[in-house]
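Chemist: structure for the following, please:
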Amino acid sequence: MTTPPTAPPALRRVIAALFVGYALWYGWLALGESLPRVVNGLLDDSFYYLQVARNVARGLGSTFDGIEPTNGYHPLWMLLLVPVAALTGGDGEWTVRAAVLLGGVLGLCAMWLLRATLLRHAGPWAAVVGLLLFAWPRFFGQTVGLLETGLVLVFYLALAARMAVDLASPLKPWTLRRAMTHGLLLGGACLARLDSVFLLAAYGLWAVGEGWRAAAPRNGVAATQALPSFARALVLRLLPLPVAVVVVAPYLAWNLTVFGHLQPVSSAMKSSFPVLGWNGQWLRSFPEFSVLLLLGAAFAVWGLRRDAAPLVRTLGVFGVAALLHMAYLVLFMVWGVDRWYFTLLFPVGLLGLPWLARGALESLGRRRAFAFAMLAAGGIGAIAVQTVALHLRDQRYLAGTAELARWAAVNLPADAVLAATDSGVLAWFSERTTINLDGLINNWRYRDALRAGRLEGYLRERGVTHILDQYNAGRREWYEGTYDSRRIRIWFRPERRVAGEIEVFRSDEARRINLWARMAPGQAAEPNALILWRYRPPGGQSRATPR
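Modeler: Modelled structure (predicted):
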């Protein structure tokens, strides 16, 4: 990739200051904040990655509970976390901090690609605005949550940058090197997040269109005289797809050989595929991404024009991929869709919005005092939203779960077996064998047990001694401890039914932490209790008691 145009000195200093500010903020979030605030800034799913990475680093293989194998994760981010866990010895605190720091490095890489692409295709003012836009928690938050999205964003922005540069040089022949670069980036994106397969489909459609463009008659000259034939142009532009398949093939072979399925168990537990359904809530739950989806569709239509700008044609590919992905979500995904599912739209927002505003931004740039006042306002806004996001960490419950888990590490026998839905934090800080009851990071045998209604038998077989429930809001008797017993429902989500129930008793509470917390984004904080019970299997007593 050739060097992008440079910005004027004043804007270069602004861009440098933004990078320094982001780097310092990443460093503070990773190393400066207290551990409870760091934990509250993550997701329980983040600890699924960490726990499996720690077990891999300890030689136990790809397992969450230390016994049965799992493939309930996206592989490339896991591969990056294994050396982190190895270097830190799997330490409960420092592995987390080092992993957050790694996420920050990926975030800075994504911003570097964002800057270079906007400088080239939209100008320096758009580049500055794009970097400010990155501070929006919907974007920035995905690079500090210890999920795979920061890595995915690097691949998406690298691919977008490469595609836009190649499209800006139409007379430059499409070479094997170009095809290999595109293919490696597509394959890496799929390994970073498996639903990038929709990007492969969109890229294939784009390749057909670009092959037609390359071979179409131009200026009255036949395509056979001026450019390669459509067939040759199409083959060259489709070549990245088999390259991407080769990159992903070893992972798919591992899945099939070890688990007997190509699909990760986490995906199987969330999806009704191939049974069609209607899950229109995903269009309503995140209206900001629905707006970006419309923008992506507009870029896709706009990109059909022969005179469409290279960046428009590139973003149209991501728009089509996001539309295909949304169709899958609406038709098959019954549970668990959250903001990181919309990473395909991040390039549309981060690149597309500044590109659309480039003319107005350049006009403002000629009024320097006003322009820099607007930049200052944008900087203040970026700081404000990050400050609010930091404050919201204090209203979450994961730090409370970590406190309870550390109690378990000290007070429960080493052979205690814990079980919970959303069990990542519990497993990580307790360092006890932990069964994931929602099945996302469990194993296919557990999925089959849930489907057959054999939850109780599975818990007996695994010797579960304690049950944690983190969701006791909304019922006063639960969080005040005035109940006698209650039943915890475990769902088999693909079929939208309860697979089994676990009865727990007030007299069996081993540890309780009462707190005020938000149980979901956008909700107000409310009274809740994190409760760990000794498990009383029907017809028998729990074998482990706290010391």
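Chemist: so where's the chain shaky on pLDDT?
Modeler: Within the chain, the stretches with pLDDT under 70 are 1-5, 170-171, 214-229, 539-547.
Chemist: wait, Leu331 touches Asn279, no?
Modeler: Yes: using CB atoms under 8 Å, Leu331 is in contact with Asn279, at 7.3 Å. C-betas here are computed from N, CA, C, even on glycine.
Chemist: return the set of buried residues in the lengthiest helix in the chain.
Modeler: Scanning the chain for the helix with the most residues, using DSSP state H, yields helix 94-121. Buried residues in helix 94-121, counting neighbours by 16 or more other CB atoms under 10 Å, are found at 95-104, 106-121.
Chemist: likewise for stretch 422-432?
Modeler: For stretch 422-432, the neighbour count (16+ other CB under 10 Å) marks 422-432 as buried.
Chemist: narrow those to those in strands?
Modeler: Judged by DSSP state E, strands contain none of the buried residues of stretch 422-432.
Chemist: closest one to Ala327 out of those, please.
Modeler: Asp422 (28.1 Å; CB to CB).
Chemist: on that earlier part again, which members of the buried residues of stretch 422-432 are the farthest-apart pair?
Modeler: Greatest spacing in the buried residues of stretch 422-432, by CB to CB: Asp422 and Glu431 (17.6 Å).
Chemist: that older thread, return the subset of the buried residues of stretch 422-432 lying in helices.
Modeler: Short answer: the buried residues of stretch 422-432 in helices (DSSP H) are 424-430.
Chemist: now those in JSON lines, with distance to Ser267?
Modeler: Output for these, formatted as JSON lines (distance: CB to CB, whole Å):
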{"residue": "Gly424", "distance to Ser267": "17"}
{"residue": "Val425", "distance to Ser267": "22"}
{"residue": "Leu426", "distance to Ser267": "23"}
{"residue": "Ala427", "distance to Ser267": "21"}
{"residue": "Trp428", "distance to Ser267": "23"}
{"residue": "Phe429", "distance to Ser267": "27"}
{"residue": "Ser430", "distance to Ser267": "27"}
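Chemist: of those residues, which is the nearest to Ala201?
Modeler: Gly424 (31.5 Å).
Chemist: next, find the distance separating the closest one from Pro287.
Modeler: 28 Å (CB to CB, to the nearest Å).
Chemist: for Arg138, same thing?
Modeler: In terms of CB to CB, Arg138 sits 11 Å off from Pro287.
Chemist: more neighbours: which of those two?
Modeler: Arg138 (18 against 9; other CB atoms under 10 Å).
Chemist: wait, that one sits on Trp340?
Modeler: No: taking contacts as CB under 8 Å, Arg138 lies outside contact range of Trp340: 10.0 Å.
Chemist: what touches both of those two?
Modeler: When contacts are counted by CB atoms under 8 Å, 6 or more residues apart in numbering, the set common to Arg138 and Trp340 is empty.
Chemist: so Arg534 sits against Ser507, correct?
Modeler: No: using CB under 8 Å, Arg534 is not in contact with Ser507, being 9.0 Å away.
Chemist: same drill for those two, tell me which one is more crowded.
Modeler: Set side by side, Arg534 and Ser507 show more neighbours around Arg534, with 22 against 10, by other CB under 10 Å.
Chemist: against Gly303, how distant is the more buried one?
Modeler: Distance from Arg534 to Gly303, by CB to CB: 61 Å.
Chemist: Thr421 now?
Modeler: Counting by CB to CB - Thr421 and Gly303 are separated by 43 Å.
Chemist: same question for Val464.
Modeler: In terms of CB to CB, Val464 sits 54 Å off from Gly303.
Chemist: same deal with Arg536?
Modeler: For Arg536, the distance to Gly303 - CB to CB - is 62 Å.
Chemist: go on, Thr88?
Modeler: 45 Å.
Chemist: compare the two and say which is more crowded by neighbours.
Modeler: Just comparing Thr88 and Gly303: by other CB under 10 Å the higher neighbour count belongs to Gly303, 22 against 18.
Chemist: returning to what we had before: what's the next secondary structure element after the longest helix of the chain?
Modeler: Remark: after helix 94-121, the chain's next helix or strand is helix 124-133, criterion DSSP states H and E.
Chemist: could you check the angle that following helix makes with helix 94-121?
Modeler: 160 degrees (axes from the mean of the first three to the mean of the last three CA atoms, to 10 degrees).
Chemist: so what touches helix 124-133?
Modeler: With contacts defined as CB under 8 Å, 6+ apart, helix 124-133 is touched by 5, 7-8, 11, 14-15, 18-19, 22, 111, 114-115, 118-119, 122, 139, 349-351, 353-355, 357-358, 361-362, 364-365, 371, 375, 378-379, 381-382.
Chemist: quick one: buried ones out of those?
Modeler: Buried subset of the contacts of helix 124-133 (neighbour count, 16+ other CB under 10 Å): 7, 11, 14-15, 18, 22, 111, 114-115, 118-119, 122, 139, 349-351, 353-355, 357-358, 361, 364-365, 371, 375, 378-379, 382.
Chemist: what's in contact with whichever helix or strand Asn255 is part of?
Modeler: Taking DSSP H and E as the definition, Asn255 sits inside helix 240-259. Helix 240-259 has contacts (CB under 8 Å, 6+ apart) with 69, 71, 75, 179-180, 182-184, 186-188, 190-191, 200, 203-204, 207, 261-265, 443-444.
Chemist: by contact count, what packs against the helix or strand containing Val317?
Modeler: Using DSSP H and E, Val317 falls within helix 310-332. In terms of contacts (3 or more CB pairs under 8 Å, 6 or more residues apart in numbering; DSSP states H and E), helix 310-332 is packed against helix 94-121, helix 149-167, helix 197-215, helix 281-285, helix 287-302, helix 353-356.
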